[in-house]
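1. Curious how this folds, go ahead:
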Amino acid sequence: MSDRVVTPEQARRIAVRAQLLDGSATSVLDTVRTLGLLQLDPIATVATPQHLVLWSRLGTAYDPAELDRLIWEERKLFEWNAFIWPIEDLPMIRARMKARSDGRYSWQRRSTEFLKRNAAFKRYVLRELERRGPLLSRELEDRSVWGWDSGGWTGSRKVTVMLEILHSRGEVAIVGRRGKQRLWGLATQWYPETDTLSRAESDELYAQKRFRAIGVRFDRGEWRAHPDVDDAKIPDRLTVLSPFDRL
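-> The predicted structure is shown next:
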């Protein structure tokens, strides 16, 4: 069944239903799988975005400890690029990790230059993670010999820069948390073996998943609905949305 043209009113109902804001969410894992991803952010005026998004769907049935268990113990979810993803999406994400080094954008070329100039520093970080990991960034020495100008986001923390570049390219993984601090480990010791996808296959799969997760898309002046989501009436329900909510 192909997608279909719908009215704005239908599109609203479809989006609410696709995003499980109709009260149909049943568990943390199934909710993340349906939404496709959860955005991470330390700002928590009410709660962090990842917890507020889940609470908005599950209400009082949501146990925040369940999310940590699924990521760090059962490993049915994983963290990458400031998002939480279902582990079955790892092949798709690995293709994106690989593409981080293709030099298409200036920040990619800058990252490649940082790794090249600090090759010995990179070897030290990977060796220490293999020998002593998991580690916090502060448990690694800054052995950089070439800098990284920052607008303030990373400051002068070259160890953090190195870890984040290696993480974005799939060599290092976030394997836990100590308080709010990330624990780093080797990707080969954390991620399971998966199939290999090309970047084109990954992009196509991501587009399909995004369309299903949001339920509608605006294409050439028309709202088009995903065939798997209907526009039935949404039951009355009140909840709180995070500013980071995909809806």
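2. quick one, longest helix in this structure?
-> helix 199-214 (DSSP state H).
3. What are the buried residues along that helix?
-> For helix 199-214, the neighbour count (16 or more other CB atoms under 10 Å) marks 202, 206, 209, 211, 213-214 as buried. (Each C-beta comes from the backbone N, C-alpha and C, glycine too.)
4. helices and strands of the chain: which one has the lowest mean pLDDT?
-> Of the helices and strands making up the chain, the lowest-confidence element is helix 106-117, at a mean of 92, by mean pLDDT, DSSP states H and E.
5. Give the next helix or strand downstream of that helix.
-> Using DSSP states H and E, the helix or strand that follows helix 106-117 towards the C-terminus is helix 119-132.
6. just checking, what packs against that next one?
-> helix 158-168, strand 172-178, strand 181-186 (3 or more CB pairs under 8 Å, 6 or more residues apart in numbering; DSSP states H and E).
7. If we use 10 Å, what do you get?
-> Here helix 119-132 touches helix 106-117, helix 158-168, strand 172-178, strand 181-186, helix 187-190, going by 3 or more CB pairs under 10 Å, 6 or more residues apart in numbering; DSSP states H and E.
8. Need the winner for burial among these.
-> helix 158-168 (a mean of 22; mean count of other CB atoms under 10 Å).
9. I'd like the mean pLDDT over that helix, please.
-> The average pLDDT within helix 158-168 is 96.
10. List the beta-bridge partners for the residue nearest to the spatial centre of the chain.
-> Centroid-nearest residue in the chain: residue 83, 2.1 Å away (criterion: CA atoms, centre = their mean). For residue 83, the beta-bridge partners are residue 39, residue 80 (DSSP bridges).
11. What's the separation between it and residue 50?
-> Here the criterion is CB to CB, to the nearest Å. By it, residue 83 lies 9 Å from residue 50.
12. overlap in contacts of these two?
-> 37-40 (CB atoms under 10 Å, 6 or more residues apart in numbering).
13. nearest to residue 104, of these?
-> Nearest to residue 104 among those is residue 37, at 22.1 Å by CB to CB.
14. Please compute how far stretch 70-86 lies from its chain's middle.
-> 8 Å (CA atoms, centre = their mean, to the nearest Å).
15. Put the alpha carbons of that stretch into CSV.
-> The C-alpha coordinates for stretch 70-86 follow below in CSV (Å, rounded to 0.1, in the frame of the first residue of the first chain):
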residue,chain,number,x,y,z
LEU,A,70,17.9,-1.5,28.5
ILE,A,71,21.0,0.5,27.5
TRP,A,72,23.7,-0.7,29.9
GLU,A,73,22.6,-4.1,31.1
GLU,A,74,20.5,-5.7,28.4
ARG,A,75,22.1,-3.7,25.5
LYS,A,76,18.8,-3.5,23.6
LEU,A,77,19.4,0.2,23.1
PHE,A,78,22.6,2.1,22.5
GLU,A,79,23.9,5.7,22.7
TRP,A,80,25.4,7.5,19.7
ASN,A,81,25.6,11.1,18.5
ALA,A,82,23.5,12.4,21.5
PHE,A,83,20.6,10.0,20.7
ILE,A,84,19.5,6.6,22.0
TRP,A,85,18.8,4.1,19.3
PRO,A,86,17.4,0.5,19.2
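16. pLDDT on it, on average?
-> 97.
17. Angles on the backbone of residue 98, please.
-> The phi and psi torsions at residue 98 (degrees, to the nearest 10) take the values phi -60, psi -40.
18. contacting residues for it?
-> Contacts of residue 98 (CB under 10 Å, 6+ apart): 169-170, 196-199, 202.
19. Show me the shaky parts of this structure.
-> 1, 148-156 (pLDDT under 70).
20. Quickly find the element holding the nearest residue to residue 216 once chain neighbours are set aside.
-> Nearest residue to residue 216 in three dimensions, chain neighbours excluded: residue 11, at 4.5 Å (CB to CB, 6 or more residues apart in numbering). Assessed by DSSP H and E, residue 11 sits inside helix 8-18.
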